[in-house]
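In: Predicted coordinates and the sequence they were generated for:
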Amino acid sequence: MVTQLPGFKNPVRDAQQTFRSLLDSLAQPGTIHPILVQLNSPEKLTSACAAACLTLFDLETKIWPSSSCDRSLKDWLVFHGGCRFTEHLQNANFALVQNIEEIPKLAKLNRGTSEEPESSTTLLVQVSTFTEGQAVKLNGPGILGARHLNFLTREFWEDWQNHWDYPLGIDIYFFTETEVMGLPRSAIAML
């Protein structure tokens, strides 16, 4: 296995900055946070999403890749993070979705258990923009009043509403080229 792309230029600082942006995005649902690190990401993977993968994936991590994830991308992830891959969504710690159209039905993902809600699958989804889609009003912890989002389909939001059973559920990170927006399992969307 050979990879042509290096990871972080400054591994400690870049991973810390990326992790802070990921934490902030879940703590403040529906807000956009920059991920500005120097990184040569593989083709088909945005810089922000690649940085999140390098920060979150390790030797104990099982990844479910969407069908558009090719061999070179998987090799890059294994080389830099040592992660493993699974074809079964229920076994995945993370699901990596390169195209928003490939988001699996949320009911197919591991939602955790009453004893271990943190064992659920976390979705990492790439999007082209945060401004095109079905408008929703988002409420819940970390949101003062309400926030309005409009970058996902009505079908996604209906699926999101149907899977809600806090504290069970999934957390989702949405990535553009240099930004992340979090949607934690505690968020409530109203169409």
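Out: Perfect, thanks for sending it.

In: switch to C-alpha atoms for all contacts and neighbour counts from now on
Out: Noted.

In: Could you check how far residue 40 is from residue 51?
Out: 10 Å (Cα to Cα, to the nearest Å).

In: shared neighbours, these two?
Out: Listed as contacting both residue 40 and residue 51 by Cα atoms under 8 Å, 6 or more residues apart in numbering are residue 8.

In: pLDDT below threshold where in this protein?
Out: For the chain, the stretches with pLDDT under 70 are 1-4.

In: For the longest helix seen in the chain, name the packing helices and strands.
Out: The longest helix of the chain (DSSP state H) is helix 11-27. Packing contacts for helix 11-27, counted by 3 or more Cα pairs under 8 Å, 6 or more residues apart in numbering; DSSP states H and E, involve strand 32-34, helix 47-56, strand 179-183.

In: Please identify the most buried of those.
Out: For these, the largest average neighbour count (mean count of other Cα atoms under 10 Å) is found in strand 179-183, namely a mean of 24.

In: can you list contacts of the helix or strand that comes right after it?
Out: With elements assigned by DSSP states H and E, the helix or strand that comes after strand 179-183 is strand 188-190. If you take Cα under 8 Å, 6+ apart as the criterion, strand 188-190 is touched by 136-140, 157, 160-161.

In: buried ones in strand 188-190?
Out: 188-189 (16 or more other Cα atoms under 10 Å).

In: So what are the sheet partners of that strand and their directions?
Out: If you go by DSSP bridges, strand 188-190 pairs up with strand 134-139 (antiparallel).

In: Strands along this structure, start to end?
Out: With DSSP state E applied, the chain shows strands at 32-34, 62-65, 84-85, 94-97, 122-126, 134-139, 147-152, 171-175, 179-183, 188-190, listed in chain order.
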